[in-house]
Each structure stands twice: as structure tokens, then as C-alpha cells.
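Asker: Predicted coordinates and the sequence they were generated for:
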Amino acid sequence: MQQKKMKCALIQLEFRCYPNPYTDKYLKKMQMVIPKTRAQKMKDIEKHLKSHDLWDKETTVVPEVNFDLPKLYGSNIDEHFKIIAEKQCAGYRKKADILTTGSLPYKPQTWAETQGWTRYNADGSTTRVEFPDEDSLVFDVEVLVPESDMPVLATAASPNHWYSWCNQHLIKSDAQGFFKMTPDELIPLDMDQGGWKEKVVVGHNVGFDRSFVKEQYLIKGPKTRFMDTMSMHIAVSGFTGSQRMLWNAKKTGSKSKSILELEERNKRLNKLPVFEWMEDGAPNNLSDVYQHYCQGAPLDKEVREVFLEGTTYELGLNIQNLMSYCADDVIATHQVFQILWPLFQERFPHPVTLAGMLQMGSSYLPLNANWNRYLETAEEIYNNKQSERERMLIKIANDACSLLEGNRYKEDPWLWDLDWSIQNLRIKKTPLSAKKKAKSDKVKTEETTVDIVSKVLSTKNLLYKVSAHMPGYPLWFKKFCPKLGEVPWSYGPTLITMRKNDTPKLMRMTWKGFPVHFDDNLGWGYLVPGRMDNLDVLQGEDEPKFPLK
């Protein structure tokens with residue numbers, strides 16, 4: 001009895017498919033199944049290894065790895081990583097909390113036009129400093145795009161002081177513009193005073209501002225960590241690419257095809273209005289993020305055009321306004337951070353998330369002279385692959401168009417429902433009178449080759465000035481072909497791309513082995529030949545039938 005139970009236990013462990021393996025009836029059945037199943041498994045294993053040329057080959061024996069595991073903090077792996085992450089980010093979390101509990105001082109009315117950093121004291125005086133010696137800062141940088149990649153202005157604020165920074169070329173009376181960037185042109189934010197200290201710098205898209213900080217290019221750099229309100233917003237209330245497109249259409253009041261289709265679909269399914277979800281999110285730029293979280297007035301961005309289109313001379317004339325513009329962005333970023341930081345911690349409470357965000361914000365990519373060569377090679381390979389894909393799609397479209405002959409497309413499970421209607425060439429009617437027709441018949445045998453050629457060329461008068469686009473070709477094919485006169489123009493279906501709805505069908509794409517299908521109401525799906533429950537959708541009175549055979 002004990003042996004019988006052990007045998008049954010082994011059988012149950014192997015298959016786990018019979019509810020009561022302790023009867024002779026099931027034991028006999030299991031004993032018949034076991035050898036066949038194991039033999040089939042061995043055949044499958046052998047077939048798989050042969051397909052990869054690994055069957056009957058000697059394998060390399062890897063020596064056992066023997067090392068001491070690190071000390072485990074806490075009682076399990078989850079507590080281990082939680083404790084380590086909390087040690088890494090606890091100090092930065094406290095410094096970030098300082099910015100949410102305290103308010104910024106009043107913005108200075110007049111800005112110092114001096115090189116480097118200037119601190120603005122509570123009594124109205126100013127002090128030249130080498131860098132803002134603060135544990136928590138809100139930071140913003142401006143660049144004169146047309147002339148250089150170097151920073152020209154920067155402002156920063158903490159609960160204690162305001163700070164401003166000016167590039168040396170901007171304040172020189174004989175400044176002729178900016179030159180090649182050097183480390184001296186970068187912005188100092190910290191200094192090694194017997195050891196770096198922890199510091200938190202907050203900004204919107206702060207990775208851009210960080211690229212102009214001098215100490216960030218040191219191999220053994222400071223302990224400064226950057227917190228990006230744009231990244232935090234994307235994680236809490238950001239939009240996807242398609243949502244951003246719909247949001248922009250709503251903002252501009254346009255009614256694109258995609259919006260109309262979405263409205264119609266929601267109306268049919270009794271869903272919420274199309275734009276109901278837009279109240280819970282916003283695009284990523286500072287102005288929209290500020291309005292979303294703070295419900296404030298839109299930020300004034302007219303002054304920004306000076307940085308995008310101006311010159312060094314224009315910046316020198318408007319330095320006070322431009323400093324105030326930069327400071328306004330700092331104020332808006334601080335107000336967004338005060339609301340967004342608690343939301344971010346509520347949404348992502350695990351300390352590993354914060355530690356990972358701080359660590360990713362301090363990384364850098366060391367480069368050498370090969371970087372430009374890498375970019376050129378990558379661009380060349382991309383263009384070659386792009387051209388190869390375009391040629392492949394054009395060939396696929398041309399091959400599919402040939403199925404029009406003999407209506408062979410009706411037997412194709414992908415192309416049967418494309419618009420195969422064609423438009424014939426329009427020709428003017430010029431009937432001959434009876435007398436001219438008799439005369440034409442009389443001299444018919446007397447025509448020479450030159451007369452015949454002239455007669456053929458004269459048929460151009462029978463064509464309309466504006467002729468149909470590619471007559472004789474199916475409508476779906478014509479959509480991929482540019483019209484004559486369009487710039488740039490080329491012959492054939494050169495407009496075909498992977499984003500067109502017909503392209504997956506032309507490429508014979510499948511899902512689970514079945515042909516993909518696009519329905520105007522249901523979107524993308526797949527067709528199962530032999531199914532009868534969806535024929536009322538696919539086989540209307542005026543629609544072609546799916547080629548079941």
C-alpha cells in the first residue's frame with residue numbers, strides 16, 4: 001500500500017491532471033500516458049536543439065561561482081532594498097521638503113549687472129558670491145540660441161535668498177558675441193570645501209539646466225542631485241503622444257478626423273465626452289503645467305523671443321526684463337513643485353523610486369573625438385534602412401496592384417476589402433458628320449505611316465485639360481501616388497508609409513496566425529475564417545464577402 005501511494009504521488013507530481021490518482025482505473029491510464037509523454041518531450045527537445053545546431057555537442061562546464069553574499073538589511077529582500085534606498089535619499093528628501101514648507105523671498109526689483117553670481121539680501125543689499133551656498137535651490141538657465149550654446153543668464157532662489165548669474169561676455173561694453181565654450185563659461189553651483197555636501201536643485205526640464213553646471217563635468221563630482229518637475233509631472237498627470245495631439249486640437253478648436261471619429265465612437269458606446277479626461281492632465285511645458293496645478297494665469301513668454309532670435313547687443317539692452325523673465329520661471333517652478341512633490345510621493349511611496357530618479361539625474365556620458373563619427377555612421381545606416389524599407393513597401397504595393405487583373409484580389413484574405421474601384425480616362429466626344437465619315441472610309445486605305453502617327457498625336461485634343469489622377473488604377477493604390485505637379489514628385493506609390501491603414505494588409509500581417517483586418521467602427525482586429533458570428537458585420541448587402549474558401 002505504501003509503494004502504491006508513492007507511485008501515485010510521483011504520477012500526480014508529473015502531470016497534476018487527475019483529481020483522484022489512488023484508484024487502479026486511473027493508475028492504468030497514467031501508466032499508459034507516462035512513457036508516451038516523456039518520449040514526446042524528448043523528441044521535442046532533440047528537435048529544438050538540432051534546429052540550433054546544439055544536439056550531440058559537448059557543452060562548456062562553467063565552474064561554480066563562490067562568493068560571500070552581502071549583509072542582508074531587514075528580514076527579507078523587500079526590506080533590504082527599502083532600507084538601502086532610504087539611506088541614499090533620506091537627506092535629499094528632507095532638503096526637498098524645505099522647498100514645500102517655505103516660501104521664496106520677494107523677487108528683486110533691480111538686478112545686478114555683474115559677472116558671476118550675486119546674492120540679494122533681505123535688507124536690499126547685494127553680495128558677490130562664488131556660488132549659491134544653499135541646501136535647496138530652484139534653478140533656471142537661459143541661452144542665446146542664435147549665437148552660442150553657452151548660458152547667458154541664470155537665476156536661482158531658496159527660502160533664504162535670491163541669486164542671479166551673468167555671463168562675462170554679456171556685461172562687457174565691447175562684447176562682440178560669444179565664442180567657443182570653455183569650463184570658465186559654465187555656471188558654478190558648488191565647491192569642494194574639504195568635501196562635497198548634499199544639495200537639491202529643482203528645475204523644469206532640469207536636465208537642460210544641469211548641462212551648463214560646471215561641477216557636473218567632474219569625474220568625482222559633487223553630491224548635488226537634480227529633481228525635475230517635468231519628469232514628475234509626466235509620471236503623475238502626463239499625456240501620451242495621441243492624448244497630446246487631441247489636447248492641442250481641443251485647445252485650437254480644430255475638428256480633426258481623429259477627434260470626430262472619437263466623438264462618434266463615444267456617443268455610440270455611451271461613454272464620457274471626448275475631452276472629459278483632459279481635466280486630469282496637461283502637456284509638459286512649464287506654462288501648461290503651471291496652469292494645471294496652480295490654476296494661475298498663463299506665463300508671459302513674449303520676452304523669450306529675444307533668446308531665440310536676438311543678439312548679444314539686444315540682450316545687453318534688455319537685461320533687467322530678461323532677468324525678471326527668468327526669475328518668473330523660477331517662481332512658477334517652485335509653486336508647481338510645492339503641489340507636485342506631495343502628489344509624487346503619494347503616487348510613488350517606495351524610496352527606491354526616488355533614489356533611482358536622483359541617481360538617473362546625476363549620470364553623464366563621457367565622449368571623445370569618435371562621437372561625431374558615431375553620429376555620422378548612425379545617420380548613414382538609418383538613411384539606408386529607411387530607403388530599403390521604402391523600396392520594399394513600393395514593391396509590395398506594385399505587386400498587390402497586379403491582382404486587379406482577373407479580379408484575383410477577391411480570393412486574397414487581406415486585400416479583398418480594399419477599395420478596388422477604378423476611374424477610367426475621360427475623353428471628349430467629337431462625332432464625325434456622315435459626309436466626313438464616308439470620306440474618311442474612302443481614303444482609309446491610302447493613309448501612310450506619317451498620316452497614322454499624326455492622327456494618333458492629334459488625339460491629345462480629345463483629353464481634358466485637367467485629367468483624372470492615374471486612371472485605370474485602383475483607388476487604394478492612387479492614394480499612395482503623388483499627383484503630377486506636387487513637390488516633391490516621383491513616379492509610383494512613393495507616399496506609402498507604415499502609418500497607413502492599408503500597409504499592414506499589404507504586408508500580409510497576421511495575429512495568432514489569422515489575417516489582420518481594420519474596421520471603421522471597431523478599429524484593428526483579426527478575421528477567423530469559418531466564424532459565423534461576425535458575418536453580419538463583414539458581409540453587408542453592398543460589401544464584398546470574405547473569401548472563406
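Answerer: Structure received.
Asker: Now do the strands in this structure.
Answerer: Using DSSP state E, the strands found in the chain span residues 116-120, 126-129, 136-143, 151-157, 162-166, 199-203, 224-228, 510-511, 514-519, 523-526.
Asker: residue contacts, residue 293?
Answerer: By Cβ atoms under 8 Å, 6 or more residues apart in numbering, the contact list for residue 293 reads 233, 335-336, 339-340. C-beta coordinates here come from the backbone N, C-alpha and C atoms, glycine included.
Asker: and with 6 Å instead?
Answerer: For residue 293, the contact set (Cβ atoms under 6 Å, 6 or more residues apart in numbering) comprises 336, 339.
Asker: quick one: it and residue 280, what's the gap?
Answerer: Remark: distance between residue 293 and residue 280 (Cβ to Cβ, to the nearest Å) = 12 Å.
Asker: top helix in the protein by residue count?
Answerer: In the chain, with assignment by DSSP state H, the single longest helix is helix 370-401.
Asker: looking just at contacts, which helices and strands does that one meet?
Answerer: helix 503-506 (3 or more Cβ pairs under 6 Å, 6 or more residues apart in numbering; DSSP states H and E).
Asker: quick one: the helix it packs on to chain centroid distance?
Answerer: 23 Å (Cα atoms, centre = their mean, to the nearest Å).
Asker: List the contacts of it.
Answerer: By Cβ under 6 Å, 6+ apart, helix 503-506 touches 396-397, 400, 414, 516.
Asker: again, only using 10 Å
Answerer: Helix 503-506 is touched from outside by 393, 396-397, 399-401, 412-418, 476-477, 480, 493, 496-498, 500, 509-511, 515-518, 524, with contacts defined as Cβ atoms under 10 Å, 6 or more residues apart in numbering.
Asker: Same check on stretch 507-514?
Answerer: Stretch 507-514 is contacted from outside by 392-393, 396, 400, 412-415, 498, 503-504, 515-517, 524-529, 531, using Cβ under 10 Å, 6+ apart.
Asker: ok, 8 Å please
Answerer: So stretch 507-514 is contacted by 393, 396, 414, 515-516, 525-529 (Cβ under 8 Å, 6+ apart).
Asker: Output those in a markdown table; the columns should cover neighbour count, pLDDT and distance to residue 152.
Answerer: Conversion of the contacts of stretch 507-514 to a markdown table gives the following (neighbours: other Cβ atoms under 10 Å; pLDDT from 0 to 100; distance: Cβ to Cβ, whole Å):
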| residue | neighbour count | pLDDT | distance to residue 152 |
| --- | --- | --- | --- |
| 393 | 21 | 94 | 47 |
| 396 | 16 | 94 | 52 |
| 414 | 21 | 91 | 58 |
| 515 | 20 | 90 | 59 |
| 516 | 17 | 91 | 53 |
| 525 | 13 | 89 | 55 |
| 526 | 13 | 88 | 57 |
| 527 | 20 | 85 | 61 |
| 528 | 13 | 81 | 64 |
| 529 | 11 | 74 | 67 |
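Asker: Between those residues, which sits nearest residue 38?
Answerer: Lowest distance from residue 38 to the contacts of stretch 507-514 (Cβ to Cβ) belongs to residue 528, with 34.5 Å.
Asker: gap between the closest one and residue 507?
Answerer: Taking Cβ to Cβ as the criterion, residue 528 is separated from residue 507 by 20 Å.
Asker: for residue 120, same thing?
Answerer: Distance of residue 120 to residue 507, given as Cβ to Cβ: 63 Å.
Asker: These two - which one has more neighbours?
Answerer: residue 120 (22 against 15; other Cβ atoms under 10 Å).
Asker: Now residue 304: closest residue in space, sequence neighbours ignored.
Answerer: Spatially, and ignoring its direct neighbours in sequence, residue 304 is nearest to residue 325 (6.9 Å; Cβ to Cβ, 6 or more residues apart in numbering).
Asker: what do you get for residue 46?
Answerer: residue 55 (5.9 Å).
Asker: Point out where the protein drops to low pLDDT.
Answerer: 1-36, 172-181, 254-275, 430-447, 464-466, 487, 531-546, 548-549 (pLDDT under 70).
Asker: so what are the domain limits for it?
Answerer: Per the record, the chain has its domains at 2-50, 91-235+290-360, 239-280, 391-430+457-549, by automatic domain parsing.
Asker: Can you add distance to residue 371 and give those back as a markdown table?
Answerer: Compiled in a markdown table, the domains of the chain are given as follows (distance: least, Cβ to Cβ, whole Å):
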| stretch | distance to residue 371 |
| --- | --- |
| domain 2-50 | 43 |
| domain 91-235+290-360 | 15 |
| domain 239-280 | 29 |
| domain 391-430+457-549 | 30 |
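Asker: most neighbours per residue, which of these?
Answerer: domain 91-235+290-360 (a mean of 17; mean count of other Cβ atoms under 10 Å).
Asker: Give me the most central residue, the chain.
Answerer: What sits nearest the mean C-alpha location of the chain, by Cα atoms, centre = their mean, is residue 241, with 6.7 Å.
Asker: For residue 509, see how far away it is.
Answerer: Going from residue 241 to residue 509 by Cβ to Cβ gives 22 Å.
Asker: And residue 86, by the same measure?
Answerer: To residue 509, residue 86 is 48 Å away according to Cβ to Cβ.
Asker: now swap in residue 296 and tell me
Answerer: For residue 296, the distance to residue 509 (Cβ to Cβ) stands at 48 Å.
Asker: can you check residue 279 too?
Answerer: Distance from residue 279 to residue 509, counting by Cβ to Cβ: 37 Å.
Asker: ditto for residue 123
Answerer: For residue 123, the distance to residue 509 equals 72 Å [Cβ to Cβ].
Asker: And residue 234, by the same measure?
Answerer: From residue 234 to residue 509 the distance is 31 Å (Cβ to Cβ).
Asker: With residue 498 instead?
Answerer: 11 Å.
Asker: Repeat that for residue 96.
Answerer: Residue 96 is 48 Å from residue 509, by Cβ to Cβ.
Asker: what do you get for residue 97?
Answerer: Distance from residue 97 to residue 509, by Cβ to Cβ: 52 Å.
Asker: Residue 138 contacts residue 330, doesn't it?
Answerer: Yes. Using Cβ atoms under 8 Å, residue 138 is in contact with residue 330, at 5.0 Å.
Asker: Mind listing the shared neighbours of the two?
Answerer: With Cβ under 8 Å, 6+ apart, residue 138 and residue 330 have common neighbours 104, 156-157.
Asker: Distance-wise, check the residue nearest to the centre of the chain relative to residue 283.
Answerer: Taken as Cβ to Cβ, the span from residue 241 to residue 283 is 11 Å.
Asker: any common contacting residues for the two?
Answerer: Overlap between the contact sets of residue 241 and residue 283, as judged by Cβ under 8 Å, 6+ apart, is nil.
Asker: Tell me which residues touch the residue lying closest to residue 525 once chain neighbours are set aside, please.
Answerer: Nearest non-adjacent residue to residue 525, counting by Cβ to Cβ, 6+ apart: residue 517, 5.6 Å away. Contact partners of residue 517, counting by Cβ under 8 Å, 6+ apart, are 417, 505, 524-527, 538.
Asker: now, among these, which is nearest to residue 289?
Answerer: In terms of Cβ to Cβ, no member of these lies closer to residue 289 than residue 524, at 33.2 Å.
Asker: pretty sure that closest one contacts residue 515?
Answerer: No. Residue 524 is not in contact with residue 515 according to Cβ under 8 Å; the separation is 11.6 Å.
Asker: and residue 388, how many residues sit next to it?
Answerer: 10.
Asker: meant to ask about residue 454, not that
Answerer: Neighbourhood size, residue 454 [other Cβ under 10 Å]: 11.
Asker: how far away is it from residue 90?
Answerer: For residue 454, the distance to residue 90 equals 94 Å [Cβ to Cβ].
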